[in-house]
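> Model the structure of this input:
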Amino acid sequence: IKEVIKNIPLNVFVSSYKRTEQTWENVKKGLDRNNLTVEFDPRLREMEHTQWKDPKERIKRMAEYADMGFFYRYKYAESAADVYERVTTFLNELKNERRSKRWYEVQRDCLIVSHNMTLKAVLMKFCKIHDREYKNFPELDNCSPIFLDTYDFKTATINYDLTVGNKDLMKFLKEQEQKK
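Got it, this is the predicted structure:
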């Protein structure tokens, strides 16, 4: 991460879940600079799942989820669409802040430390991936960085040089780009 970010001031946004805070603490050790700000944001938390008491019920619901995908909501839980909406509010607020004068006075990169479904929602929004493609979205590698460079907040377009270690994810995103 340090090699990609270099010495540009950094705004860090971290999910408020404990395991993500622990990940951030380890990432922070590799950054040798003082010009970063950190904000913990509950909108970056992982998708809320339900608790299963009956294994047969779990298998049944997992099959329904596999069939319905993006919009399926377990009882007492969130759907991927709910996570997408939550992440969209975060990204819209970030876009509005970046348009403000304080962001243009000094160039700042953003680092988001979050979870699988939450980061998928970020990629769906930035890369304009349709919700019907959600079922084809590969799982993200645990603790593997994804770099998007650069997002133009004035025009709300992404001109990205995507760097991903996960080959399945890279292949999926290239396929999505070709569909546009």
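> Show me which helix or strand of the chain is least confident by mean pLDDT.
Scoring the helices and strands of the chain by mean pLDDT, DSSP states H and E places strand 157-158 at the bottom, with a mean of 52.
> This structure: helices as residue ranges?
Assigned helices in the chain, in chain order: 2-5, 18-29, 55-68, 80-99, 101-105, 116-126, 167-179 (criterion: DSSP state H).
> Spatially central residue in this protein, please.
Geometric centre of the chain, nearest residue: residue 119, 2.0 Å, by C-alpha atoms, centre = their mean.
> What distance do you get for it to residue 99?
23 Å (C-beta to C-beta, to the nearest Å). No exception for glycine: its C-beta is placed from N, CA and C like everyone else's.
> same question, residue 10
Counting by C-beta to C-beta, the separation of residue 10 from residue 99 is 19 Å.
> Could you say which of the helices of the chain is packed most deeply?
helix 116-126 (a mean of 21; mean count of other C-beta atoms under 10 Å).
> Tell me which other helices or strands that one touches.
For helix 116-126, the packing partners by 3 or more C-beta pairs under 8 Å, 6 or more residues apart in numbering; DSSP states H and E come out as helix 80-99.
> Skipping its backbone neighbours, what lies nearest residue 70 in space?
residue 134 (4.0 Å; C-beta to C-beta, 6 or more residues apart in numbering).
> and the one you found, what does it touch?
Neighbouring residues of residue 134 by C-beta atoms under 8 Å, 6 or more residues apart in numbering: 69, 70, 80, 120, 124.
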